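Chemist: take a look and give me a structure for this.
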Amino acid sequence: MISSPLLNLSAVAALVPVALAAYRGSSERPGPVFWAAMLVAVAGPTALIVPELMRAAWDSGFSLALWVTIAASIWIFALISLLSLQAWRLAPLLVPYLILLSLLALAWSGVSSATVLAAEADFWLRFHIAASVGTYALCTIAATAGVAVYLKERELKLKLSSRLGRLLPSVADAERLQFKLLAFAELVLFLGIVSGMARGYLVDGHLLSLDHKTLLAVLAFALIAVLLLIQWRSGLYARQAARAVMIAYLLLTLAYPGVKFILDVIIA
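Modeler: Take a look at the predicted model:
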C-alpha cells in the first residue's frame, strides 16, 4: 500500500510532460524535449515503487500492482523507443493510457492487500513475478500498436486526417512493432508459466494449478501463439490482428490486475 498522496500525485504528474511532448512534437524523430520528459516519466513511478519493494514485506495491493505495471511499461517503452525509429510515435496513445492507470492507482492508494509477500521470497517466485509484469508491459505496448493500426486504417478508409493520425506510425510500421512485441511477450510469458510450474512443483508437488489466473494466462499464451503463426505464415488483415491483440491483452488484464482488483477491492 502506497499511502502518501503527495508521492502518488508526483508520480502521476511525472507522466504528463512526455504525453504533451509527444503530442506537440513532430512526427519525424523525438527531440531533446521528448527525451527529457521521458526521463522524468521513468523516474516518477520508479521512485515511488522502489522504496515499497525494498521493505521487509511487500503489501501486494491493487495500487502497488498498478504502479509496478506502469513503471515496467514506461521503462520498456523507453528502451524500445531508443532501439526503434518508430516506436516512440506510440507515445500519444500509450502515455495517456498509463496516466489513466496511474489515476486508478491513486484512487486506491490507501487500500491495503490481504496478501503480503516476504522480501526474501524464493528465486522462482521473484522470477515468476518479474516475468508476469514484463509480459503485461509488453502486451500493453503491443495492444497500443494494435490500436494505432485500427486508427490509421480507419482514417485511410474514411479519407480523414487528424493530428493524432499524423503522429502515429504507419500501418506497416505499427504492424511490425506489434509482431515483434508480441513475440517477446510470448517468450517472457512462456518463461513466466514455466517458472510458476517450477515453483508449484517445489512447494506442493503440483506442476500446474488449475485456477482462473493460470487458465487465463494459458489462454493468452495460446492466442498470442496462434496470432503470431498466422501473421508469419500467411499474413492477417491489420484490423483483425489489432482485435486479436486486444483480446489477448484483455485476457492478461483479467489474469493480472483484474484478479488483484477483485481480491483487494471488491472482496475486501
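Chemist: next, find the distance separating the residue nearest to residue 182 when sequence neighbours are not counted from residue 61.
Modeler: Leaving out its chain neighbours, the residue that sits closest to residue 182 by C-beta to C-beta, 6 or more residues apart in numbering is residue 142, at 5.0 Å. The way it works is simple: take the backbone N, C-alpha and C, and place the C-beta from them, glycine included. To residue 61, residue 142 is 26 Å away according to C-beta to C-beta, to the nearest Å.
Chemist: what does residue 51 give?
Modeler: For residue 51, the distance to residue 61 (C-beta to C-beta) stands at 15 Å.
Chemist: the residue nearest to residue 182 - that's part of a strand, no?
Modeler: No. Residue 142: not assigned to a strand; according to DSSP: H, G, I helix; E, B strand; the rest coil it is helix.
Chemist: correct me, but it touches residue 186?
Modeler: No. Contact criterion C-beta atoms under 8 Å: residue 142 and residue 186 do not qualify, at 10.1 Å.
Chemist: out of these two, which sits in the busier spot?
Modeler: residue 142 (27 against 21; other C-beta atoms under 10 Å).
Chemist: which one's more surrounded, residue 51 and residue 61?
Modeler: Neighbours per residue (other C-beta under 10 Å) separate residue 51 from residue 61, with residue 61 holding more: 27 against 10.
Chemist: go ahead and confirm that one touches residue 108.
Modeler: Yes. Residue 61 lies in contact with residue 108 (C-beta under 8 Å); the separation is 7.5 Å.
Chemist: and residue 157, what's its pLDDT?
Modeler: Per-residue pLDDT puts residue 157 at 84.
Chemist: so what's residue 97 up against?
Modeler: 140, 144 (C-beta atoms under 8 Å, 6 or more residues apart in numbering).
Chemist: how about a cut-off of 7 Å?
Modeler: By C-beta atoms under 7 Å, 6 or more residues apart in numbering, the contact set of residue 97 is residue 144.
Chemist: name the element it belongs to?
Modeler: According to DSSP states H and E, residue 97 maps onto helix 91-107.
Chemist: need the pLDDT of residue 107.
Modeler: Residue 107 carries a pLDDT score of 81 in this model.
Chemist: repeat for residue 254
Modeler: Looking at residue 254, the pLDDT reads 66.
Chemist: circling back to that earlier point, let's see the helix holding residue 97 as CSV, backbone CA atoms only.
Modeler: C-alpha atoms of helix 91-107 as CSV (Å, rounded to 0.1, in the frame of the first residue of the first chain):
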residue,chain,number,x,y,z
ALA,A,91,3.5,7.7,-27.0
PRO,A,92,0.4,9.8,-27.8
LEU,A,93,-1.7,6.7,-27.2
LEU,A,94,0.4,4.8,-24.6
VAL,A,95,1.2,7.5,-22.1
PRO,A,96,-2.4,8.8,-21.7
TYR,A,97,-3.4,5.2,-21.0
LEU,A,98,-0.7,4.9,-18.4
ILE,A,99,-1.9,8.2,-16.9
LEU,A,100,-5.4,6.7,-16.6
LEU,A,101,-3.9,3.7,-14.8
SER,A,102,-2.0,6.0,-12.5
LEU,A,103,-5.1,7.8,-11.6
LEU,A,104,-6.8,4.5,-10.8
ALA,A,105,-3.7,3.6,-8.7
LEU,A,106,-4.0,6.9,-6.9
ALA,A,107,-7.7,6.4,-6.1
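Chemist: ok now that helix, how far from the chain's centre?
Modeler: Using C-alpha atoms, centre = their mean, to the nearest Å, the distance from the centre of helix 91-107 to the centre of the chain it belongs to is 11 Å.
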